[in-house]
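A.B. asks: I'll drop the sequence and a predicted model, then ask my questions.
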Number of protein chains: 2
Amino acid sequence: MKAFPQSRREFIRTAALAGASVPFIGALTSGARAADAGRKLGFAICGLGNLSTHQIAPALQTTKNCRLVGIITGTPAKAAAWKQQYGIPDNCIYNYDTMDKLADNPDIDVVYVVTPNALHAEYTIKAAKAGKHVLTEKPMEASPEKCQEMIDACKAANRMLAVGYRSRFDPHNQECIRLAREKVFGDLRVVEAGFEIHLDQPPSAWRFHKALAGGGALMDVGIYALQATRYITGEEPILVSGTETKTDAVKFAEVDETIVWHMKFPSGVVAYCSTSYNAAVCGRYKGVADRGWFELNPGFYYTGNRGVRSDGQEIRFPQVDQFAAEMDDFADCIMNNKPSRVPGEEGLRDLKIITAIYESIRTGQTVKLG
Amino acid sequence: MKAFPQSRREFIRTAALAGASVPFIGALTSGARAADAGRKLGFAICGLGNLSTHQIAPALQTTKNCRLVGIITGTPAKAAAWKQQYGIPDNCIYNYDTMDKLADNPDIDVVYVVTPNALHAEYTIKAAKAGKHVLTEKPMEASPEKCQEMIDACKAANRMLAVGYRSRFDPHNQECIRLAREKVFGDLRVVEAGFEIHLDQPPSAWRFHKALAGGGALMDVGIYALQATRYITGEEPILVSGTETKTDAVKFAEVDETIVWHMKFPSGVVAYCSTSYNAAVCGRYKGVADRGWFELNPGFYYTGNRGVRSDGQEIRFPQVDQFAAEMDDFADCIMNNKPSRVPGEEGLRDLKIITAIYESIRTGQTVKLG
């Protein structure tokens, strides 16, 4: 019996299978709600890689407030395939050089940027200048400076900007936030969080290349662990210390393979974390509080998250398509002029902390923040 | 339903109840084995606190190779109570000033030192000079220098010295060592280990006082997490970094309350750890390897340890009295002139690492070891 996936590929396949067989809450309610809500916001997906193909486009079909209207891709073959599969009209197909033309397309309200990390700023800024709201995948960009440029561009264009932190829309993670914030087990003392995967992609894949990825495991999956420590505590770290290791220095010549780090928060709560691109898939966290603890394992998967508490209670909720929930929420925020729980500033904060962890690794010193 | 204990007191009570109702493997086999083995080694317990009273003396009754012969205590009332309960003859009752007289008592082979940490060296050295083998509780002492003095004294007296690392005699922990060393899931990449407890003792208790305890949570319970990272990997850390926090600076004025730290090992495997004296009882660890993972939660309890593997298999073995197993093993090593798996050198190694973690906390820098 194989209870958990063991590689990125298997993780995605398992998730896709689960997605196909489990009725999503979003899917169950989308028909009735769409009729109430009236117009759905038009989404254009920018970057048609695995995540867009296997998660985001299928999820869009189950949303209440959104519809897939357009695509932005540099690969004509992908444009043709998506046109056929999703009935994308020719006037809604763009490439990276024609993004300014988005300004002439009133059917597209939102651009979802799903390109390699270090291209997020370029396409976010183009979309904002064309008058579109922007949802961008995590990590928001490769540096805090780029994140700030994105925030500034969207502000200047009076458009909303949010980051695709899907875990924030998972009921298991939301329950852990409740357990921590409502002090169900008293004050939090220690948070442990880690996310390892096997990056079983060919050496040519962009994630191995610093110019496109910005960084390695920490930026891609460690960011889930970092996020968890922040949304569980509701605090910003004031001190970080990190250590890096490479067990395959050839494969991971340009980006980080395995990192452990710890952080201290203003209230005194501490967190300790790990991430790897060269280990079995394992994404989990635990909050140890004054009178008990809670944990999710797995806690960062597309489907199948579950957990347990020190009093023996299970943490188990019906499956939610996190991507659909994240997109519906962004559309809701836009339509009703509400702040997003995952605004650009949230992505910027993570990049500042990630940058500090890299600095600590480089200098061998703890780094103070804030 | 309360699935796990929430304080040190409750932890000990729960363990005592489990001990009373669960047939220990040691107890089941002790009669037959003792007859084969002939003479049992005579133990004298030095320091009659909670651990001696509730764990070690009861465990001694279930051993195959040992018997409780003598006591060393500074408290006459305790001497009287133990004399009555265990039939200790008057000539086997010592105080800390009369330990040199142990030399005249051929019925006592081993002194088990269970005093406050910073007194281990003094009594170990006295016992060794009196010609006795010494088993000492963990942490071995308050500094590497003291540990070295203990090793030297036992070497000079040609007596064996071992440290009471009971987890090494727990089948769940032994199974995790097997999973790691036999690479059942491939090479280990990351080890997470933590042990928090509530030190719900009065402020006068010796554990709150640096002069007697040497340190706080890290020395007392964090050492289990540290040990786990070392016996799982089979390696010695080459780099450590730690951060301390105090959420109750009054109660923990003299000793550390909560610490997180991480370590790097020569093969490239990394570990990240936590410990606290001010949180719910939670002692666990996880090994994330190339193709899967395994974890114990709880992993450091007297009873009830259990775990799970990424392939869904449970890690569950019949209950063993770890103290009985540890004492029987030490007696076996003495009688058969075999090296202990937990010799004084092992305690010294932990104290060197603990000292380096404290140094890292003090300096804000990673500390290189070895």
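C.D. replies: Nice, I can see it.
A.B. asks: ok, A:Lys286 touching A:Val308?
C.D. replies: No. Using CB atoms under 8 Å, A:Lys286 is not in contact with A:Val308; the gap is 9.7 Å. (Glycine included, C-beta is placed from N, CA and C.)
A.B. asks: who touches both of these two?
C.D. replies: Overlap of the contact sets of A:Lys286 and A:Val308 (by CB atoms under 8 Å, 6 or more residues apart in numbering or on different chains) consists of A:Phe294, A:Glu295.
A.B. asks: so between those two, which is more surrounded?
C.D. replies: Neighbours per residue, other CB atoms under 10 Å in any protein chain shown: of A:Lys286 and A:Val308, the larger number sits with A:Lys286, 28 against 18.
A.B. asks: for the more buried one, phi and psi?
C.D. replies: According to degrees, to the nearest 10, the main-chain angles of A:Lys286 amount to phi -140, psi 140.
A.B. asks: can you pull the contacts of the closest residue to it other than its chain neighbours?
C.D. replies: Among residues not flanking A:Lys286 along the chain, A:Glu295 sits closest, at 3.8 Å (CB to CB, 6 or more residues apart in numbering or on different chains). Contacts for A:Glu295 (CB under 8 Å, 6+ apart) come out as A:Arg284, A:Tyr285, A:Lys286, A:Gly287, A:Gly307, A:Val308, A:Arg309.
A.B. asks: try A:His209
C.D. replies: Contacts of A:His209 (CB under 8 Å, 6+ apart): A:Glu254, A:Val255.
A.B. asks: which residues of the stretch 251-370 of chain A fall in strands?
C.D. replies: A:258-264, A:270-276, A:278-289, A:293-296, A:307-309, A:314-315, A:367-368 (DSSP state E, counting those that start in this stretch).
A.B. asks: pLDDT weak spots in the stretch 151-300 of chain A?
C.D. replies: Judged by pLDDT under 70, the stretch 151-300 of chain A has no weakly predicted residues.
A.B. asks: quick one: the helices in it?
C.D. replies: Along the stretch 151-300 of chain A, counting by DSSP state H, counting those that start in this stretch, helices occupy A:171-181, A:210-213, A:217, A:223-233.
A.B. asks: nearest to B:Tyr272, out of the ones you listed?
C.D. replies: For the helices of the stretch 151-300 of chain A, the distance to B:Tyr272 is smallest for helix A:223-233, at 10.5 Å, taking CB to CB.
A.B. asks: just the buried residues of stretch A:109-129, please?
C.D. replies: In terms of neighbour count (16 or more other CB atoms under 10 Å in any protein chain shown), stretch A:109-129 has its buried residues at A:109-129.
A.B. asks: skipping adjacent residues, who's closest to the residue nearest the centre of chain A in space?
C.D. replies: Geometric centre of chain A, nearest residue: A:Tyr165, 3.4 Å, by CA atoms, centre = their mean. Spatial nearest neighbour of A:Tyr165, chain neighbours left out: A:Val342 (4.5 Å); criterion: CB to CB, 6+ apart.
A.B. asks: number of residues surrounding the one you found?
C.D. replies: Neighbourhood size, A:Val342 [other CB under 10 Å]: 26.
A.B. asks: for the nearest residue to A:Pro116 once chain neighbours are set aside, give its distance to chain B.
C.D. replies: Leaving aside its chain neighbours, A:Pro116 sits nearest to A:Leu212 (3.9 Å; criterion: CB to CB, 6+ apart). In this view, A:Leu212 and chain B are 25 Å apart by CB to the nearest CB, to the nearest Å.
A.B. asks: so who does the closest residue to A:Gly268 other than its chain neighbours touch?
C.D. replies: Once flanking residues are discounted, A:Gly268 sits nearest to B:Thr247: 4.1 Å by CB to CB, 6+ apart. Neighbour list for B:Thr247: A:Asp187, A:Arg189, A:Ser267, A:Gly268, A:Val269, B:Glu257, B:Thr258, B:Asn278 [criterion: CB under 8 Å, 6+ apart].
A.B. asks: what about 7 Å?
C.D. replies: In this structure, B:Thr247 makes contact with A:Arg189, A:Gly268, B:Glu257, B:Thr258, B:Asn278, judged by CB atoms under 7 Å, 6 or more residues apart in numbering or on different chains.
A.B. asks: in a markdown table: the helices of the stretch 151-300 of chain A, plus mean neighbour count.
C.D. replies: Listed next are these as a markdown table, based on neighbours: other CB atoms under 10 Å in any protein chain shown:
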| stretch | mean neighbour count |
| --- | --- |
| helix A:171-181 | 19 |
| helix A:210-213 | 16 |
| helix A:217 | 26 |
| helix A:223-233 | 25 |
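A.B. asks: can you add distance to A:Leu369 and give those helices back as a markdown table?
C.D. replies: As requested, these are arranged in a markdown table below (distance: least, CB to CB, whole Å):
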| stretch | distance to A:Leu369 |
| --- | --- |
| helix A:171-181 | 21 |
| helix A:210-213 | 23 |
| helix A:217 | 21 |
| helix A:223-233 | 12 |
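A.B. asks: out of these, nearest to B:Trp82?
C.D. replies: Smallest distance to B:Trp82 across the helices of the stretch 151-300 of chain A (CB to CB): 45.3 Å, for helix A:171-181.
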